[in-house]
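>>> next input, structure requested:
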Amino acid sequence: MSTPVAVEKRAPADEDTLTTLLAAMQAWTPFDGDALLDDVGTVLDDVMPREEDAEELAERLRGHLMRLVDIAVANEAGEDDQAAELIGRAREVRAEEMPGDYWQAIGHLRRMAWTVNELLERLVAIKCLKEAA
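Predicted coordinates:
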């Protein structure tokens, strides 16, 4: 007959770790492919976005880029050469500041939208994501 072994009971994580994890879970939002495609369509449409909407669209596109890059990194998509190039471009265009001039801002928004669209298509092609819509 074997001798019982004493098992030390302790919490799975300390309070700070649990607080950080809880905050991250509360801030998390699921991937919304429809919203992504709506924003890309708004920017790439023949009708230019209104000047007063430009900054909000830029923020949403930055969010889409960040989410797609996170998905790509988590799925090790960087091993695919085309995906790796798009990840780099996404990080680059996301870091650029929004120009003050309206027409330059539209150009910047369009570069971001094309990058979002191309990265999304590549992630779908290499099966990191299901088709958005």
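>>> the lengthiest helix in the chain packs against which elements?
In the chain, with assignment by DSSP state H, the single longest helix is helix 102-125. Contact here means 3 or more Cβ pairs under 8 Å, 6 or more residues apart in numbering; DSSP states H and E; on that basis helix 102-125 packs against helix 33-44, helix 54-74, helix 81-95. In this view, the C-beta of every residue, glycine as well, is placed from N, C-alpha and C.
>>> how about low-confidence regions in this protein?
For the chain, the stretches flagged by pLDDT under 70 are 1-8, 10-11, 132-133.
>>> how about residue 127, secondary structure?
Of the three states, residue 127 takes coil according to DSSP: H, G, I helix; E, B strand; the rest coil.
>>> contact partners for it?
If you count contacts by Cβ atoms under 8 Å, 6 or more residues apart in numbering, residue 127 has none.
>>> try residue 91
By Cβ under 8 Å, 6+ apart, the contact set of residue 91 is 65, 69.
>>> and with 7 Å instead?
By Cβ atoms under 7 Å, 6 or more residues apart in numbering, the residues touching residue 91 are residue 69.
>>> follow-up on the earlier one: what residues sit buried inside the longest helix of the chain?
The neighbour-count check on helix 102-125 (16 or more other Cβ atoms under 10 Å) flags 105-106, 108-113, 115-120, 122-123 as buried.
>>> any idea which of the residues you listed is the one closest to residue 129?
Closest approach to residue 129 among these (Cβ to Cβ): residue 123, at 4.5 Å.
>>> coming back round to it: out of the helices and strands packed on helix 102-125, which is closest to residue 26?
helix 54-74 (16.8 Å).
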